[in-house]
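**Student:** Pasting a predicted model and its sequence here:
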Amino acid sequence: MHAAYYYFSFLLIYKVKFACSSVIDSTRQPEPSKVRNLSGGKANSGNNETNQDILQLITTYILKGYAIRKIEAFNDRIYLSRYRRNYWLGTKYYYMDNFNYLPTRDTCLYHMDSNERENLEYIDESPIYDIIYQCQRYAQYCCGLTCCLDKFGKDLHSSFLYREALNPWNTSPTFQSQLHFFSCLIFVVHYLYI
């Protein structure tokens, strides 16, 4: 009798403890990702050395010249020729840049930590939290502060198989039979409607 009592007490305590811990875990906010694709595509943190190199180039331009500059609408975009990419400091003036904002690109956001954004401010002394850049849609994805080649993109037009099927020198029997079937189907549909 006592063994069954202890066993059920143990199960009850264990279930209550499990339920409480799952409630506590569900109320914790997940850690925000450092890199996000604002267009909804994939993103990852990239190579730390590359990220630090790009951050150093950006902050050297702004903070380590003859005068420390504050970010305004005319100097929020920095072009780094080494990476062949524009970088916008913060989101405040990014959408006003009509000539360099390309809607055919994926927009990436890199969230800086407190050490990375030290002394980076707008002209009104509000802090800058993010760096924005763009990657070629369907061919690249957000990868730290640069873009990585998307080898397995979901878009059919960027995939290797699509280029291979449209290659005029492709003599694959499977492709040839599919081509013959579709050409016959198009002929029949065209003949029926005439």
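**Tutor:** Nice, thanks for sending it over. Residues are numbered from 1 along each chain as shown.
**Student:** which element is residue 60 on?
**Tutor:** In this structure, residue 60 sits in helix 48-63 according to DSSP states H and E.
**Student:** again with residue 131
**Tutor:** Counting by DSSP H and E, residue 131 is found in strand 130-136.
**Student:** Domain-wise, how is the chain divided?
**Tutor:** With domains defined by automatic domain parsing, the chain comprises 1-30, 35-156, 159-193.
**Student:** Just give me the lowest mean pLDDT stretch among those domains.
**Tutor:** Least confident of the domains of the chain, judged by mean pLDDT, is domain 1-30 with a mean of 43.
**Student:** Quick check: residue 111 vs residue 81, distance?
**Tutor:** In this view, residue 111 and residue 81 are 25 Å apart by Cβ to Cβ, to the nearest Å. Just so you know, the C-beta spots here come from the backbone N, C-alpha and C atoms, and that holds for glycine as well.
**Student:** out of these two, which sits in the more crowded spot?
**Tutor:** residue 111 (14 against 7; other Cβ atoms under 10 Å).
**Student:** so is residue 69 in a helix, a strand, or just coil?
**Tutor:** The three-state label given to residue 69 by DSSP: H, G, I helix; E, B strand; the rest coil is coil.
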